[in-house]
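Colleague: Kindly return the folded structure for what I paste below:
(one chain, ligands or ions: 2)
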Amino acid sequence: MGRILVTGGAGFIGSNFVHYVLENTDDSVTVLDSLTYAGNRASLDGLPSDRFNLVVGDIRDSNLVDGLFADHEQVVHYAAESHNDNSLHDPRPFLETNIVGTYTLLEAARKHGNRFHHISTDEVYGDLELDDPQRFTENTPYNPSSPYSSTKAGSDLLVRAWVRSFGVLATISNCSNNYGPYQHVEKFIPRQITNVLGGVRPKLYGAGLNVRDWIHADDHSSAVLAILNSGVIGETYLIGADGEKNNKEVVEMILEQLGQPTDAYDHVVDRAGHDLRYAIDSSKLRSELGWLPQFSDFAAGLSSTIEWYRDNEAWWLPQKQATEARYAVQGQ
Ligand code: NAD
Ligand code: TDX
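Modeller: Numbering: from 1, shown residues only. Ligands and ions are numbered 1, 2, ... in the order given. Predicted structure coming up:
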């Protein structure tokens, strides 16, 4: 029984992890989250108060971070600016949170000797051709495309340097695209689900042939717990569930599951520098730590995600108008 500090635990994947830990272990959790536009207290509603608390604060606040690291043995670091489109329009918050924020946490881990797990993304590896038989592995060279992915790559490299130079007890994971409940409506799948629920046609960037490798957020959580418990210090683990689909296929599935014609979507202006394809080879995680994804049926996982958005309009409706206003300015 331990106490885990989770940065960014009011965001999409962090909040799913907090629910997962509280439901599947005896551990307690403290969330440190500054509640940006992407953080939502309501994602943590109903958690047991004897095993969970939320500290509202910034990961760049070194005094606050120092006190929390002194009180927690294990830290899982999810906090980030996470949306590629936003990073193209205003990169500064990405540099601040993803680079300076991670640096601040690493200095605290160095001082207090915490077990530190850094959450990252497959986007640090750049993209693949559609017909490339190779997938990303832990040995793929870094080649990020966007301000977002370059700041995540920078944060990964900081972690590696703090392990090597200062002996920080860190591990890193790079995961593919997550889907599930509590995801902000700026992201692809929730944006299209909530568009259709509101009578608006889904919006595909460009031709819609870009491929993402989808994994359910609960499978990401079980992988992170496996790494936290058994991962080797200094190692990187790729997390993926063999879920490659192009964006057009995903939109067609959403339309079909919501009883609409499968061609009832619009093509809009493409994202600048839009990565073509991500694909993860997670053999290392599977063979060394015995991890296996549980959500192998994407259609079923998508269906339960659609149900969640249908049942939780009060969670997403307040963000929807402002999000779509931002996209409208960009012609998307
Ligand atoms: P999100 O945007 O939904 O949540 C980010 C959270 O971090 C929010 O709650 C926000 O309030 C908090 N935060 C932001 N800046 C902060 C700061 N300076 N101090 C404290 N808290 C701050 O993001 P997400 O999609 O849940 O992603 C979580 C992590 O997982 C990120 O590190 C991201 O790079 C990584 N990741 C995401 C995906 C994906 O598909 N979404 C895939 C792989 C890796
Ligand atoms: O309206 C849209 N239409 C569309 O076609 C939106 C919002 C997106 N897209 C496309 C762009 C991508 O090819 O869908 C795909 C997924 O887009 P996002 O949800 O913005 O995700 P992506 O850019 O792939 O990055 C996500 O996965 C990796 C997360 O946002 C990152 O935080 C994570 O690192």
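Colleague: Pull the number of nearby residues for the residue nearest to Glu96 when sequence neighbours are not counted.
Modeller: Leaving aside its sequence neighbours, Glu96 sits nearest to Arg60 (CB to CB, 6 or more residues apart in numbering; 6.7 Å). Heads up, the C-betas are built off the backbone N, CA and C, glycines and all. Residues near Arg60, counting by other CB atoms under 10 Å, number 18.
Colleague: how close does Arg60 sit to Val76?
Modeller: Distance from Arg60 to Val76, counting by CB to CB, to the nearest Å: 18 Å.
Colleague: and what of Val159?
Modeller: Distance from Val159 to Val76, by CB to CB: 13 Å.
Colleague: Do you know the pLDDT at the closest residue to Ala80 other than its chain neighbours?
Modeller: Sequence neighbours aside, Asn98 is the residue nearest to Ala80 in space, at 5.2 Å (criterion: CB to CB, 6+ apart). Note on Asn98: pLDDT of 99.
Colleague: Need the three-state assignment for Asn98.
Modeller: helix (DSSP: H, G, I helix; E, B strand; the rest coil).
Colleague: With the one 3 residues further on instead?
Modeller: Reducing the assignment at Gly101 to three states with three-state DSSP gives helix.
Colleague: OK, contacts around the residue nearest to it when sequence neighbours are not counted?
Modeller: For Gly101, ignoring the flanking residues on the chain, the nearest one in space by CB to CB, 6+ apart is Ile59 at 3.9 Å. Residues near Ile59 by CB atoms under 8 Å, 6 or more residues apart in numbering: 7-8, 32, 34, 65, 77, 79, 97, 101-102, 104-105.
Colleague: give me that answer again for 7 Å
Modeller: Ile59 makes contact with 7, 32, 65, 79, 97, 101, 104-105, according to CB atoms under 7 Å, 6 or more residues apart in numbering.
Colleague: now swap in Ile227 and tell me
Modeller: Ile227 touches 117, 171, 173, 237, 289, counting by CB under 7 Å, 6+ apart.
Colleague: got the residues you listed as CSV, with secondary structure and pLDDT columns?
Modeller: Conversion of the contacts of Ile227 to CSV gives the following (DSSP: H, G, I helix; E, B strand; the rest coil; pLDDT from 0 to 100):
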residue, secondary structure, pLDDT
His117, strand, 98
Thr171, strand, 99
Ser173, strand, 99
Tyr237, strand, 99
Leu289, helix, 98
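Colleague: Looking at those, which is nearest ligand 1?
Modeller: Ser173 (8.2 Å; CB to the nearest ligand atom).
Colleague: Excluding chain neighbours, what is closest to that closest one?
Modeller: That would be Tyr237: by CB to CB, 6+ apart, it lies 4.9 Å from Ser173.
Colleague: Would you confirm that the one you found contacts Lys284?
Modeller: Yes - the pair Tyr237 and Lys284 passes the contact test of CB atoms under 7 Å, sitting 6.0 Å apart.
Colleague: okay, those two: which has more neighbours?
Modeller: Under the neighbour definition other CB under 10 Å, Tyr237 and Lys284 were set side by side, and Tyr237 has more, 24 against 16.
Colleague: Show me the strands in the chain, by range?
Modeller: 3-7, 28-33, 52-56, 74-77, 115-121, 169-175, 178-179, 203-205, 211-213, 215-216, 236-239, 244-246, 266-268 (DSSP state E).
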